[in-house]
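J.: No letters, just coordinates:
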């Protein structure tokens, strides 16, 4: 069995700072031992076309879909059966079926064994649909790290302790894919997997590891004596509990990614970003605990006019997160935002390879697509000017680490006055 992680472009030396695909590690974990499982991560190596496999499994997020289909078509032309899974085939299974012998909709664990049995019996079905989760428990096997041998990542020690999210943000695919409740693994099982790690660095790849603090605390408390250093994603609301922030730091957290999303409108006052304290106070509380906080901002909501870029920069100057991240609003298939923009005729195209947070694929309400793109670039440059970096670094702890992170981010940002070409936004 060959498992493929498609890449949309070459990353060069930056590939060493990437994380491996957890979805393929999970597929390998639920594959019976009589199968030989190998992986091709296009970030690191070429796909081994021409070799004989009994099955090829390909995962795809939306921006990977075009490349995934190319790979699938080529293997099928060689007579190798192909299964497509992941978020994009889940939300657009009919599209994916044109490029696969079978499409897996939803989570892999409940249906993979049946799919393999059907394949070996010569009765592979065109569609396998995982049941919708009905409780708040998550029971999954430990992912297999052995299939990553020989590749250099930031770390191969990635863990998923929870799935799902009740917030159902209109631009997010998590709720449609993983369900509307936080589902957590048994804390003892998570901690046992963590004890199997040999290195000190690990990453929780949960979409919101602290989404349910009551259920996250036993995991954090168990980690406090492990001498691990970890990063992950959470909503900013966790910082409303000062004791929880201290526990997160004590458990070994060195960095946390939070989606602040917007400084204006409904997304600036979302329940997931805190409702009892100001965002500025919450950011400061996390930063003062010695945790690197990456704050993600999105440009392009319907209430955003051309002044949103300046307002966002001033907000970030005041709250000084360790690392600011900027994204262009992207209406992913399967989200209510995509349905809205499609219904309103505002999608510029459906070239999935350009649905990547860094290109404008729709018509904003209060500015042109070109102005949105230019404003995104200007905000990134402004936030990573040397005086802005220095100001953020001086306000937090761990100054050398923060400085290194900021310079790493600065390296991939162009000066706006040197951008001579704005990606085509018209209908192809």
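T.: Looks like it arrived, so ask away. Note that the structure is predicted; figures quoted are calculated from it, not measured.
J.: Residue 363 contacts residue 331, doesn't it?
T.: No: Residue 363 is beyond contact range of residue 331, at 10.9 Å (criterion: CB atoms under 8 Å). The C-beta positions use only the backbone N, C-alpha and C, and glycine is treated the same way.
J.: who's more crowded, the two?
T.: residue 331 (22 against 17; other CB atoms under 10 Å).
J.: What are the buried residues along the longest helix seen in the chain?
T.: Identified as the longest helix of the chain according to DSSP state H is helix 369-383. Using 16 or more other CB atoms under 10 Å as the test for burial, helix 369-383 gives 369, 371-383.
J.: what's next to it, contact-wise?
T.: 297, 299-300, 306, 308-309, 312-313, 316, 324, 326-328, 348, 358-360, 362-364, 367, 388, 413-416, 419, 422-423, 425 (CB atoms under 8 Å, 6 or more residues apart in numbering).
J.: Which SSE is immediately downstream of that helix?
T.: The helix or strand immediately downstream of helix 369-383 is helix 386-395, counting by DSSP states H and E.
J.: So which other helices or strands are in contact with that following helix?
T.: helix 399-410 (3 or more CB pairs under 8 Å, 6 or more residues apart in numbering; DSSP states H and E).
J.: what angle sits between the helix it packs on and helix 386-395?
T.: Relative orientation of helix 399-410 versus helix 386-395 (axes from the mean of the first three to the mean of the last three CA atoms, to 10 degrees): 150 degrees.
J.: Number the residues from 93 up from this point.
T.: Got it, the first residue is 93 from now on, which makes the last one we talked about helix 491-502.
J.: what is the mean pLDDT for helix 491-502?
T.: Helix 491-502 comes out with an average pLDDT of 85.
J.: same check, this time on stretch 237-248
T.: pLDDT averaged over stretch 237-248 gives 89.
J.: Same question for stretch 252-262.
T.: Summarised as a single mean, pLDDT over stretch 252-262 is 89.
J.: Same question for stretch 370-389.
T.: 92.
J.: ok, and for that stretch, which residues are buried?
T.: 371, 374-379, 381, 383-389.
J.: mind checking how far the nearest residue to residue 331 once chain neighbours are set aside is from residue 263?
T.: Distance criterion CB to CB, 6 or more residues apart in numbering; nearest residue to residue 331, sequence neighbours excluded, is residue 374 at 4.0 Å. In this view, residue 374 and residue 263 are 21 Å apart by CB to CB, to the nearest Å.
J.: Then residue 212?
T.: Distance from residue 212 to residue 263, by CB to CB: 41 Å.
J.: Which one of the two is surrounded by more residues?
T.: Shown here are residue 212 and residue 263; by other CB under 10 Å, residue 263 has more neighbours (19 against 13).
J.: which residue sits closest to that one, ignoring its sequence neighbours?
T.: Closest to residue 263 by CB to CB, 6+ apart is residue 429, at 4.6 Å.
J.: Contact partners for the one you found?
T.: Contacts for residue 429 (CB under 8 Å, 6+ apart) come out as 262-263, 421, 423.
J.: These: which two are farthest apart?
T.: Greatest spatial distance in the contacts of residue 429: 262 and 421, 10.0 Å, computed using CB to CB.
J.: Tabulate the buried residues of helix 461-475 in TSV, adding columns for pLDDT and distance to residue 146.
T.: Below are those laid out as TSV (pLDDT from 0 to 100; distance: CB to CB, whole Å):
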residue	pLDDT	distance to residue 146
461	95	46
463	95	52
464	96	47
465	94	45
466	93	50
467	95	50
468	95	45
469	94	47
470	95	52
471	96	49
472	95	46
473	94	50
474	95	53
475	95	50
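J.: contact partners of stretch 274-289?
T.: Stretch 274-289 has contacts (CB under 8 Å, 6+ apart) with 225, 227-232, 234, 249, 251-258, 294, 300, 303-304, 307-308, 310-311, 314-315, 318, 320.
J.: Please, where are all the helices along the stretch 293-442 of the chain?
T.: With DSSP state H, counting those that start in this stretch as the criterion, the stretch 293-442 of the chain has helices at 305-315, 334-342, 371-380, 400-411, 428-435.
J.: and those, which one is worst for confidence?
T.: Mean pLDDT is lowest for helix 371-380 among the helices of the stretch 293-442 of the chain, at a mean of 92.
J.: Can you tell me what sits against it?
T.: By CB under 8 Å, 6+ apart, helix 371-380 touches 328-329, 331-332, 334, 337, 348, 350, 352, 360, 365-366, 385, 387, 407, 410-414, 487-489.
J.: so where is the chain shaky, pLDDT-wise?
T.: The chain contains residues with pLDDT under 70 at 102-109, 361-368, 509-520.
J.: just to revisit the earlier point, let's see the ChimeraX selection covering just the buried ones among the contacts of helix 371-380.
T.: Entered in ChimeraX, the line below selects the buried ones among the contacts of helix 371-380, by 16+ other CB under 10 Å:
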select :328,329,331,332,337,348,350,352,360,365,366,385,387,407,411,412,413,414,487,488
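J.: Give me the nearest residue to the residue nearest the centre of the chain, chain neighbours excluded.
T.: The centroid of the chain falls nearest to residue 299 when counting by CA atoms, centre = their mean (7.2 Å). Spatial nearest neighbour of residue 299, chain neighbours left out: residue 266 (4.8 Å); criterion: CB to CB, 6+ apart.
J.: circling back to that earlier point, are any of the contacts of helix 461-475 buried, and if so which?
T.: Here, 16+ other CB under 10 Å leaves 389, 391-392, 400-401, 404-405, 408, 416, 418-420, 440, 450-452, 454-456, 459, 480, 517 buried among those.
J.: Thanks a lot, see you next time.
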